[in-house]
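Engineer: Next one to model:
(4 chains)
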Protein chains: 2
Amino acid sequence: MSTDRVLDVAVTAYWQSDPADVSLNAICKLAGVSKPSLYREFGNEDGLTRAALDSYAQRVLADVFAILRSGQGMSATLDALIDFAAADPRMETGCLFYKMRAGKHRLGPETRALIEELDANAQAAYEAFLTACRDSGDWSAELSVEAGAKYLGEQIALAVTQRASGENPARVREMLTLALSVFRRD
Amino acid sequence: MSTDRVLDVAVTAYWQSDPADVSLNAICKLAGVSKPSLYREFGNEDGLTRAALDSYAQRVLADVFAILRSGQGMSATLDALIDFAAADPRMETGCLFYKMRAGKHRLGPETRALIEELDANAQAAYEAFLTACRDSGDWSAELSVEAGAKYLGEQIALAVTQRASGENPARVREMLTLALSVFRRD
DNA sequence: AGGATTTGTTACCAATCGGTACGGTACACA
DNA sequence: TGTGTACCGTACCGATTGGTAACAAATCCT
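Structural biologist: Residues are numbered from 1 along each chain as shown, chains lettered A, B, ... in the order given. This next block holds a predicted model:
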């Protein structure tokens, strides 16, 4: 029954704290569902974490991809990314994807595979964005598109993680702005 | 007996993998010591992790402080920090301090207190370094010393963490160099 | 020498983990 | 009405966790 509700509870619990700190038993209790029910729905813990990450990706990560694909210039897109990382209320408790990626050795193979897939998608999206900026003359590339994409992604991940760990949001924004200033031409 | 050897084993084990993935039982087995012996030496798990972090700080973190206090100019010091983060063999499997800081909610109160103390010390060292550079005209501060120090520390932490997670060392160096280029004047 | 004290170990504790065997219940279809 | 089937939850499993009680051996100090 209500596989969606269980999934919602799982996403929220994993996201709010940390996948490594939320046990299957805890999720069962939170969702008011017996353990065998949960196992029939998701197979095992790996299936649940995978489903949770999948749901999260479609619901939240898609927005980041949308920003990157929006076709604004370099500067406006960077501003939008900074806003998302430093001010979007959904990132207040961090990003479930980053949390899972940081502790991926503790997760099952299916979830790990999804993490790598999402990571590759993100890298590709960043690269497409930078390539477009370079081609339109909006970015005087001093480093490879690949390296720039990785840098961009990691700086955003760092900002979100810092914010989740209680760092002053204004400071986080300041630091991310500084880190991404290398993409801007004066 | 041999509290030093047990501590060595603990530091190595925590450092090599991750404090959250190494149980007390495992350390006892690795060190060839019974559990009650270990408890008599360190009181509880919190005492052991705290002692391990303390030993690590004196042995490894001190080197970073030494670089910051060496009184070379901005550029040479940044180069030394980049070398340390991206090439020092001791950072191949990451930094125990950063690992503990990332998962500090899973650690005991004593260890957490030490983490915060070390964090404050590091921040102070970075601030002293930047202040000296500003005063000597080596850095045209466009942001506060405090923010710059935090940025510097976090970028180094990011680089070390990326390297520990298997990222190409040359790429890590490239990204850290890019991130720290904001401190350099052309 | 001999009691006291430290040092160390075996063997246990309760709690929690992920995972499942199995008995009950409700509904569909004959 | 009888029977098969699909769901659901209690109550368990073995493993592992951090932590201890209780006992044995060695050492030390008078």
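Engineer: Tell me the spatial nearest neighbour of A:Met175, not counting adjacent residues.
Structural biologist: In space, and not counting its chain neighbours, A:Met175 is closest to B:Tyr151: 4.8 Å by C-beta to C-beta, 6 or more residues apart in numbering or on different chains. Bear in mind the C-beta positions are built from the backbone N, C-alpha and C, glycine included.
Engineer: Would you agree the one you found is in contact with A:Ala179?
Structural biologist: Yes - counting by C-beta atoms under 8 Å, A:Ala179 is a contact partner of B:Tyr151 at 7.5 Å.
Engineer: what residues are shared contacts of the two?
Structural biologist: B:Val182 (C-beta atoms under 8 Å, 6 or more residues apart in numbering or on different chains).
Engineer: Please give the element, helix or strand, for the residue nearest the centre of chain A.
Structural biologist: Central residue of chain A (C-alpha atoms, centre = their mean): A:Phe97, 4.1 Å from the mean position. Take DSSP states H and E as the rule and A:Phe97 turns out to sit in helix A:96-102.
Engineer: For A:Lys150, give its distance to A:Arg184.
Structural biologist: 18 Å (C-beta to C-beta, to the nearest Å).
Engineer: Neighbour count for the two, which is higher?
Structural biologist: Using other C-beta atoms under 10 Å in any protein chain shown, the more surrounded residue of A:Lys150 and A:Arg184 is A:Lys150, with 23 against 12.
Engineer: my guess is that one contacts B:Met175, does it?
Structural biologist: Yes - counting by C-beta under 8 Å, A:Lys150 touches B:Met175, with 6.7 Å between them.
Engineer: pLDDT-wise, which helix or strand of chain A ranks last?
Structural biologist: When each helix and strand of chain A is scored by mean pLDDT, DSSP states H and E, helix A:3-16 comes last, with a mean of 92.
Engineer: If you count neighbours, what's buried in that helix?
Structural biologist: Applying a neighbour-count criterion of 16 or more other C-beta atoms under 10 Å in any protein chain shown, one finds A:Val6, A:Leu7, A:Val9, A:Ala10, A:Val11, A:Thr12, A:Ala13, A:Tyr14, A:Trp15 buried in helix A:3-16.
Engineer: Go ahead and confirm the last one touches A:Phe97.
Structural biologist: No - with contact defined as C-beta under 8 Å, A:Trp15 does not count as touching A:Phe97 (9.6 Å).
Engineer: intersection of neighbour lists for the two?
Structural biologist: In contact with both A:Trp15 and A:Phe97: A:Tyr56, using C-beta under 8 Å, 6+ apart.
Engineer: Helices along chain A, start to end?
Structural biologist: A:3-16, A:24-31, A:35-42, A:45-56, A:62-69, A:74-87, A:96-102, A:109-135, A:145-164, A:169-180 (DSSP state H).
Engineer: Put together TSV for those helices, with distance to B:Thr49 on each row.
Structural biologist: Formatted as TSV, these follow (distance: least, C-beta to C-beta, whole Å):
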stretch	distance to B:Thr49
helix A:3-16	25
helix A:24-31	24
helix A:35-42	32
helix A:45-56	26
helix A:62-69	36
helix A:74-87	31
helix A:96-102	19
helix A:109-135	27
helix A:145-164	22
helix A:169-180	28
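Engineer: Export the ones you listed as JSON lines, with columns for distance to DNA strand C.
Structural biologist: Putting the helices of chain A into JSON lines (distance: least, C-beta to the nearest atom of the strand, whole Å) gives the following:
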{"stretch": "helix A:3-16", "distance to DNA strand C": "11"}
{"stretch": "helix A:24-31", "distance to DNA strand C": "4"}
{"stretch": "helix A:35-42", "distance to DNA strand C": "4"}
{"stretch": "helix A:45-56", "distance to DNA strand C": "3"}
{"stretch": "helix A:62-69", "distance to DNA strand C": "28"}
{"stretch": "helix A:74-87", "distance to DNA strand C": "30"}
{"stretch": "helix A:96-102", "distance to DNA strand C": "14"}
{"stretch": "helix A:109-135", "distance to DNA strand C": "11"}
{"stretch": "helix A:145-164", "distance to DNA strand C": "22"}
{"stretch": "helix A:169-180", "distance to DNA strand C": "31"}
